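**Q** Structure here, sequence nowhere to be found:
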Ligand SMILES: NC(=O)c1ccc[n+]([C@@H]2O[C@H](COP(=O)([O-])OP(=O)(O)OC[C@H]3O[C@@H](n4cnc5c(N)ncnc54)[C@H](O)[C@@H]3O)[C@@H](O)[C@H]2O)c1
């Protein structure tokens, strides 16, 4: 494995009753002026907004609000949040929502402390110089943003969707109560599952040797997602399924299962180009791209795919070559995405070939992408064409 240093400072509160018991103390430890960030209002409909505001007010906290954060959060909304924080002297940002709300809040937190435009950090033209403290209340299991330092912002003017982050943007605390995900609609539940599974795949496919524990840990998360996903999709109020899926999403991207390996991340780079133009759900795009990426790179290390077939999908290897098992693994992945109702083709979003070249060019504009194997523009084009 590669040498590594692991540090994750986020205090994680999981399960029922934690918000009621510990939120006020976590917030007031930092300060008394809060920017409450949320999305389109689902937290008002399901009662979470009233609960959180009630707790904060009882603790004497002054609340400012930034609502309407978009899915695929936009730079313009980040700018609004930065302005409020500076004007009102905000001590802490409290993000209540899914990955979009949390990512937007991370960008605001960095932007408040940055002298230039925060976009420079995402465009690799500047580095974060600090961040306001950030806490989260997660309402959708998907991104792992509640326990990592990354975030993805869309600049709608330039049609760029870029990931960025810094050691400053780990949430100080995150509350994950599975009951807060009961109202997540079926399609968003599916997209979230696709996203967390994709994070596992990104970690799983890497060129580093001698990483048996990492491989088994990642396989454990993949297996758990595959075994439990349909229960959360079919019955939104199945507490055990929601809890398991939520825990999988956190573990898939909090750095714990991939220490000492550098994952691939080409599919994420490709998907960002698709949603930068078409604004499709991130998880939906990943479900479409991943199996086609797998077809494209399988020969780099067929054994890795064969392991997926036997260890995760329990395929009997008797009489089958490594290459056959690898092919079966990819079909099993396709089958799984199909079984939970995920999209399978870009045509499902009415996306044709019109921007394939542009997306491929953009995906590799900084450098070739991937780490399992490197992809250039031509490779990305082939994967996108196979995804149409
Ligand atoms: N920071 C990271 O590590 C990371 C990783 C992967 C993806 N991302 C980014 O995160 C964003 C996607 O985040 P997401 O998948 O969590 O979805 P999201 O935050 O965009 O939410 C999707 C939809 O679900 C709704 N919703 C959320 N919680 C709800 C609830 N409890 N009840 C009803 N509706 C609810 C939202 O209002 C929204 O309409 C994308 O921009 C993606 O690129 C970030």
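**A** That came in fine, so what should we check first? Keep in mind the model is a prediction, meaning the values are calculated, not measured.

**Q** Pick out the residue nearest the middle of the chain.
**A** Centroid check for the chain by Cα atoms, centre = their mean gives residue 143 as the closest residue, at 2.4 Å.

**Q** Residue 174 should be in a strand, yeah?
**A** Yes. With DSSP: H, G, I helix; E, B strand; the rest coil as the criterion, residue 174 is part of a strand.

**Q** Report the contact partners of whatever residue of the stretch 201-350 of the chain ends up closest to the ligand.
**A** In the stretch 201-350 of the chain, the residue found nearest to the ligand is residue 282; the distance is 3.8 Å by Cβ to the nearest ligand atom. (Each C-beta comes from the backbone N, C-alpha and C, glycine too.) Residue 282 sits next to 72, 99, 152, 191, 195, 271, 275 when contact means Cβ atoms under 8 Å, 6 or more residues apart in numbering.

**Q** Which neighbouring elements make contact with the helix or strand of the chain with the lowest mean pLDDT?
**A** The element with the least model confidence among the helices and strands of the chain, by mean pLDDT, DSSP states H and E, is strand 160-165, at a mean of 89. Judged by 3 or more Cβ pairs under 8 Å, 6 or more residues apart in numbering; DSSP states H and E, strand 160-165 is in contact with helix 119-122, strand 150-155, helix 266-278.

**Q** Those: which one's closest to residue 295?
**A** Proximity of the helices and strands packed on strand 160-165 to residue 295 was assessed by Cβ to Cβ; the nearest stretch is helix 266-278, lying at 12.2 Å.

**Q** buried set for the closest one?
**A** Of the residues in helix 266-278, those buried by neighbour count under the rule 16 or more other Cβ atoms under 10 Å are 266, 267, 268, 269, 270, 271, 272, 273, 274, 275, 276, 277.

**Q** try stretch 224-234
**A** With burial defined by 16+ other Cβ under 10 Å, the residues of stretch 224-234 counted as buried are 224, 225, 226, 228, 229, 232, 233.

**Q** export those residues to TSV and tack on distance to residue 67?
**A** Below are the buried residues of stretch 224-234 laid out as TSV (distance: Cβ to Cβ, whole Å):
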residue	distance to residue 67
224	34
225	31
226	36
228	32
229	30
232	27
233	28
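
**Q** Just the ones of those in strands?
**A** The strands in this structure, assigned by DSSP state E, contain none of these.

**Q** In contact with the residue nearest to the centre of the chain: list those residues for me.
**A** When contacts are taken as Cβ under 8 Å, 6+ apart, residue 143 is in contact with 98, 99, 102, 103, 192, 195, 196, 249, 253.

**Q** and the least confident helix or strand of the chain, which strands flank it?
**A** Strand pairing for strand 160-165, determined by DSSP bridges: strand 150-155 (antiparallel).

**Q** Touching the partner strand from outside, list them.
**A** With contacts defined as Cβ under 8 Å, 6+ apart, strand 150-155 is touched by 72-75, 78, 99, 102-104, 106-107, 119, 122, 145, 160-165, 169, 253, 272, 275-276, 279, 282.

**Q** Among the residues you listed, the buried ones, what's the PyMOL command?
**A** Per 16+ other Cβ under 10 Å, the buried members of these correspond to this PyMOL selection:
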select buried, resi 72+73+74+75+78+99+102+103+104+106+107+119+122+145+160+161+162+164+165+169+253+272+275+276+279+282
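
**Q** Quick check: residue 339 touching residue 234?
**A** No. No contact is recorded between residue 339 and residue 234 when judged using Cβ atoms under 8 Å, the distance being 11.0 Å.
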